[in-house]
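Undergrad: Give me a 3D structure for the following:
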Amino acid sequence: MTDGGYRALEHTADLAFELWATTEEGVLEQGMHAVLHTLTAGAELKPEASREVEVQGLDSEDRLVRWLNEIIFLCLVEGFLPCDTEIVLDGTDLRAKLRGEVEAHERIVTEIKSATYHGLFLHVSEAEARAQIVLDV
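TA: Got it, this is the predicted structure:
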């Protein structure tokens, strides 16, 4: 797990999050945790199964949106709630091994429609990575 975090931001109709970590992979992981915390109201999840995920983006920001939308799909449609991940970036591609609970639809208490491009930004420097993402609820 990387050093980092996330916090909810004020937003009129949707949910917005600021994400930070020491690396871009860490920001992507924090985005996953923000989505899962929102969907499950912070329920503790168990890593009982694993899944492999691949996402191709047009750029780093697009990859962040596509990654979070893949997480949302896995949760809402398949009932797979990831609690841990190992992410590998290659250009604008992402490969991840997710560990989490299966058949866990009943753990979801809030619905998220999708991650959006509204107000999206991702900045990566040598010292840190930061992003802002809005979730349509």
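Undergrad: OK, contacts around the spatially most central residue of the chain?
TA: The centre of the chain sits closest to M32, judged by C-alpha atoms, centre = their mean, with a distance of 2.3 Å. M32 sits next to 67-68, 71, 82, 85 when contact means C-beta atoms under 8 Å, 6 or more residues apart in numbering. Bear in mind the C-beta positions are built from the backbone N, C-alpha and C, glycine included.
Undergrad: mind putting those in a markdown table, distance to E52 and secondary structure included?
TA: Below are the contacts of M32 laid out as a markdown table (distance: C-beta to C-beta, whole Å; DSSP: H, G, I helix; E, B strand; the rest coil):
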| residue | distance to E52 | secondary structure |
| --- | --- | --- |
| W67 | 14 | helix |
| L68 | 17 | helix |
| I71 | 14 | helix |
| P82 | 12 | strand |
| T85 | 11 | strand |
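Undergrad: most surrounded residue in those residues?
TA: Within those, neighbour counts (other C-beta atoms under 10 Å) peak at I71, which reaches 29 neighbours.
Undergrad: That residue touches P82, doesn't it?
TA: Yes: counting by C-beta atoms under 8 Å, P82 is a contact partner of I71 at 6.6 Å.
Undergrad: okay, and the common contacts of those two?
TA: 32, 36.
Undergrad: closest to R7 among the contacts of M32?
TA: When the contacts of M32 are compared for distance to R7 (C-beta to C-beta), L68 comes out closest, at 16.0 Å.
Undergrad: Chain neighbours aside, what residue packs nearest to L98?
TA: In space, and not counting its chain neighbours, L98 is closest to P82: 4.0 Å by C-beta to C-beta, 6 or more residues apart in numbering.
Undergrad: and that neighbour, how far is that from D59?
TA: Note on P82: its distance to D59, by C-beta to C-beta, to the nearest Å, is 24 Å.
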